[in-house]
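J.: I need the structure of the sequence given here:
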Amino acid sequence: MFRTYYDLCQLRRQNPLGKPPKLWRPEPSLTLLPLPNRTCGATRATRKRDTVRIMVFMETGRFHSIPNGRLFSLICVLGLGLLAVGLLAAYYAWLGCYAWPYNTRPGCYAWPYNTRPHTYAAALGDLDGDGDLDAYLANGENEGIVPDTVWLNDGSGAFYDSVQQEFEAETHYVTLGDLDRDGDLDAVIDVTGAGVVALNDGKGNFTYRRAYLEVMDSGAYTFFPALGDLDGDGDLDVVLGGCCGATISPPDPADVLYPFNMIWLNDGGGQFNDTGQRLGVWGTGAVALGDLDGDGDLDIFDANSDSITEGTGEPERNQPNMVWLNNGRGGFTDSGQRLGKEESHTVALGDLEGDGDLDAFIGNRGADTVWLNDGSGRFLDSGQALGDGDTRLVVLGDLDGDGDLDAFSAGRGFGEIWINQSGAQGGTAGVFKRSQHFSYSIWFASTLGDVDGDGDLDIFAGLLEQATRVWLNDGTGRFVEKR
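T.: Have a look, this model is predicted:
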């Protein structure tokens with residue numbers, strides 16, 4: 001960053017204006033030479049008792065003499081080195097980057113992406129309107145609040161931080177949809193005891209505002225918002241799953257608050273109004289929307305995990321799953337079904353056996369299960385017991401390109417690909433066989449989407465306590481981590 005010159009007049013001959021290099025221009029080396037007792041213009045350098053004196057050239061064009069050169073020069077080198085590292089770290093922190101960039105375009109590429117830990121949920125969608133899939137990450141809480149992040153795709157499956165003002169709250173889930181009907185994807189974000197709408201400006205920049213009332217004083221934690229047109233008016237409404245028993249632990253068990261699901265209807269501009277419906281009393285692991293009985297409206301499949309015993313406040317595990325049927329106007333009625341008795345944490349709906357109705361792939365603590373729809377909204381257990389982990393997420397999609405729905409499941413310490421045995425497999429539709437296993441500490445917030453634009457479904461994997469990763473599909477349902 002600085003150097004001394006043996007002959008200051010030579011410096012003037014090299015630079016007639018007498019202006020030294022600016023401080024920010026790095027010199028190729030640091031040279032220490034004894035300065036002779038001579039002058040050039042108004043600048044004087046002295047040598048006395050073989051003491052080395054360093055002349056530092058500042059941006060002002062003046063020379064400053066610093067004594068005790070050899071020792072001080074070492075200190076300067078170390079100090080400036082630390083300063084450079086600090087400035088570089090601050091620059092990348094300002095960009096929102098927490099890993100060394102692997103590419104050079106504006107913004108910041110970091111690999112693996114989003115090295116901030118504790119991603120609770122990830123949602124893919126075209127957030128900036130350029131035709132590829134971007135990612136919204138709900139980062140939850142890990143020894144303090146970790147802001148949500150928006151990662152934009154360059155079209156090849158490489159993501160970079162959008163470097164925008166981020167939402168800081170204890171977020172647990174996010175889902176995307178056009179809430180205000182302006183043509184872009186907005187977000188509903190679940191935070192502890194409340195829900196927030198994030199409205200997109202069309203370029204991937206979000207404005208956050210409260211979407212519906214806090215429910216901490218009237219029920220349990222709400223998680224897992226699901227979006228769909230529940231009342232048939234053309235906009236997206238929201239179902240909130242009530243999770244995890246009571247929100248508080250009062251001394252008197254009679255004061256325990258019980259979980260329930262809630263229905264909020266959109267006014268068309270992204271503002272939601274509570275219908276007053278409270279569905280069920282069991283802790284919901286997840287809700288999924290679909291036309292289960294074939295009447296043209298969206299019904300609710302409610303995957304339940306636990307509940308609180310009324311009058312005692314004691315937890316009850318392994319509550320049955322339920323189906324709620326829509327009357328077409330956003331009013332729901334219990335179908336009376338009690339499906340299974342596992343601790344269910346997630347559910348995905350799709351036509352698994354190719355008969356035209358929606359079936360259910362349920363992720364449990366223990367073996368996952370597949371329930372087949374008879375077409376009227378009545379579900380029958382297929383008898384399959386898939387895996388033995390603590391599944392927290394299931395996503396359906398045609399992973400091997402043969403035209404039927406396969407499944408990606410993920411949970412504590414694993415991720416798994418389940419291939420439907422119909423189509424190219426030549427087996428029975430709706431029967432699944434594991435084809436690939438991934439071992440990572442926790443897979444909690446993964447999803448499927450064609451992130452590299454090659455026509456097949458890839459895995460965007462958000463993890464707790466690890467960086468987010470992308471696994472690319474080779475087109476046959478085999479996945480390789482993007483490096």
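
J.: going forward, measure contacts between C-alpha atoms and count neighbours the same way
T.: Noted.

J.: Poorly predicted segments of the stretch 251-400 of the chain, please.
T.: 251-259, 306-317 (pLDDT under 70).

J.: Do a quick rundown of the helices in the stretch 51-200 of the chain.
T.: 69-95 (DSSP state H, counting those that start in this stretch).

J.: for it, which spans come out with low pLDDT?
T.: 51-74, 76-77, 85, 88-117, 141-144, 165-166, 192-193.

J.: Excluding chain neighbours, give the residue nearest to residue 190 in space.
T.: residue 173 (5.2 Å; Cα to Cα, 6 or more residues apart in numbering).

J.: got a list of what the one you found touches?
T.: Contacts for residue 173 (Cα atoms under 8 Å, 6 or more residues apart in numbering) come out as 120-122, 138, 189-191, 223-225.

J.: For those residues, which single residue is the most surrounded?
T.: For the contacts of residue 173, counting by other Cα atoms under 10 Å, the largest number of neighbours falls to residue 138: 31 neighbours.

J.: wait, which of the contacts of residue 173 is closest to residue 160?
T.: Nearest to residue 160 among those: residue 122, at 15.0 Å, using Cα to Cα.

J.: so what's the nearest residue to the closest one once chain neighbours are set aside up against?
T.: Spatially, and ignoring its direct neighbours in sequence, residue 122 is nearest to residue 137 (4.6 Å; Cα to Cα, 6+ apart). By Cα under 8 Å, 6+ apart, the residues touching residue 137 are 119-123, 148-151, 174, 462.

J.: at 10 Å what do you get?
T.: 114, 118-124, 147-151, 171-174, 445-446, 462, 468 (Cα atoms under 10 Å, 6 or more residues apart in numbering).

J.: for residue 451, same thing?
T.: Per Cα under 10 Å, 6+ apart, neighbours of residue 451: 124-125, 132-135, 153-159, 457-460, 470-473.

J.: Repeat that for residue 122.
T.: Applying Cα under 10 Å, 6+ apart, the residues contacting residue 122 are 135-139, 148-150, 172-176, 444-448, 460-463, 468.

J.: one more time with 7 Å
T.: The contact partners of residue 122, by Cα atoms under 7 Å, 6 or more residues apart in numbering, come to 135-138, 174, 445-447, 462.

J.: For those residues, give me CSV that also has distance to residue 421.
T.: Below are the contacts of residue 122 laid out as CSV (distance: Cα to Cα, whole Å):
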residue, distance to residue 421
135, 31
136, 33
137, 33
138, 34
174, 32
445, 26
446, 23
447, 22
462, 28
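
J.: So which of those sit within strands?
T.: Counting by DSSP state E, the part of the contacts of residue 122 found in strands is 135-138, 174, 445-447, 462.

J.: Which member of the residues you listed is positioned nearest residue 167?
T.: The closest of the ones in strands among the contacts of residue 122 to residue 167 turns out to be residue 138 (Cα to Cα; 9.1 Å).

J.: and the contacts of residue 137, which of them are in strands?
T.: Using DSSP E, the members of the contacts of residue 137 that fall within strands are 121-124, 149-151, 171-174, 445-446, 462.

J.: follow-up on the earlier one: can you pick the most crowded of the ones in strands among the contacts of residue 122?
T.: That'd be residue 138 among those, by other Cα under 10 Å, with 31 neighbours.

J.: Residue 373 pairs with what?
T.: residue 379 (DSSP bridges).

J.: Burial check on it, number of neighbours?
T.: When neighbours are counted by other Cα under 10 Å, residue 373 registers 24.

J.: so it touches residue 380, yeah?
T.: Yes - in this structure residue 373 lies within contact range of residue 380 using Cα atoms under 7 Å: 6.5 Å.
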